[in-house]
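Chemist: Give me a model of this one.
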Amino acid sequence: MSAKSTGPVENKGFFEKVKETINEIWNGTKDQADDLKDTAADKLEDLKERAEENFDNLKKKVAIKRTANTKTAATLKKTITKKIPAVKSGVNEKTADATDRVNSKAANVKTAAGKLAKKADEKGKSITADAKAKTTATKRTTKSTANSGRSKAGDTKK
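Modeler: Numbers count the residues shown, from 1 in each chain. Down below sits the predicted model:
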């Protein structure tokens with residue numbers, strides 16, 4: 001669905017149009033960044049759930065092995081504590097990767113928006129300069145035509 005108005009057409013200046021375009025682009029990038037952030041948060045939650053499931057599964061496996069092998073409590077504790085950091089580091093690595101990707105994409109979007117804003121500003125300045133030059137030239141032409149017309153009219157009166 002378009003965000004543009006369906007009402008009567010308004011005559012807007014170039015800079016107003018540029019400003020609206022930049023605002024639309026910025027709002028789009030913010031929405032995209034929010035979506036990426038939500039996706040990363042969902043992925044993080046999924047990874048945490050999987051880690052908890054893996055941890056529970058490891059506990060069960062260790063418990064089964066303990067009963068089967070009649071391991072001592074100290075041996076079980078060592079086994080669990082060895083596997084916990086591995087699971088945690090895996091989750092932390094995946095979370096860090098997802099966060100890095102989100103931050104990278106957000107930075108790319110901000111850079112692109114900045115470049116577009118700079119281009120629009122430069123374009124606006126050049127168009128304004130051209131318009132001023134044309135206006136000045138037109139004023140000069142109009143003044144010189146008006147002045148030459150007055151002198152001719154004055155010559156015929158004498």
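
Chemist: Give me the distance between stretch 47-57 and the centre of its chain.
Modeler: Shown here is stretch 47-57, whose average C-alpha point lies 33 Å from the average C-alpha point of the whole chain (CA atoms, centre = their mean, to the nearest Å).

Chemist: and for that stretch, what are the contacting residues?
Modeler: Outside of stretch 47-57, the residues within contact range by CB atoms under 8 Å, 6 or more residues apart in numbering are K83, I84, V87, K88, G90, V91, K94, T95. Quick note: C-beta positions are derived from backbone N, CA and C, even for glycine.

Chemist: List the contacts of the fifth one.
Modeler: Residues near G90 by CB under 8 Å, 6+ apart: A51.

Chemist: swap in the last one?
Modeler: Contacts here follow CB under 8 Å, 6+ apart; on that basis T95 touches L44, L47.

Chemist: Buried ones only from the contacts of stretch 47-57, please, as a PyMOL command.
Modeler: The following PyMOL command selects only the buried members of those, with burial defined by 16 or more other CB atoms under 10 Å:
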select buried, resi 83+91+94
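
Chemist: Nearest to D38 among the contacts of stretch 47-57?
Modeler: When the contacts of stretch 47-57 are compared for distance to D38 (CB to CB), T95 comes out closest, at 14.8 Å.

Chemist: confidence score at that closest one?
Modeler: Among the per-residue scores, T95 holds a pLDDT of 85.

Chemist: what helix or strand does it sit in?
Modeler: Under DSSP states H and E, the secondary-structure element containing T95 is helix 73-157.

Chemist: which element is K12 on?
Modeler: Secondary structure (DSSP H and E) places K12 outside all helices and strands.

Chemist: what's the nearest residue to it if we skip its chain neighbours?
Modeler: E20 (7.7 Å; CB to CB, 6 or more residues apart in numbering).

Chemist: and the one you found, how many neighbours does it have?
Modeler: Each residue near E20 was counted by other CB atoms under 10 Å, and the total is 13.

Chemist: pLDDT at it, what is it?
Modeler: Per-residue confidence (pLDDT) for E20: 91.

Chemist: about what we covered before: what's the distance between the helix holding T95 and the middle of its chain?
Modeler: Relative to the centre of its chain, helix 73-157 is centred 11 Å away, using CA atoms, centre = their mean.
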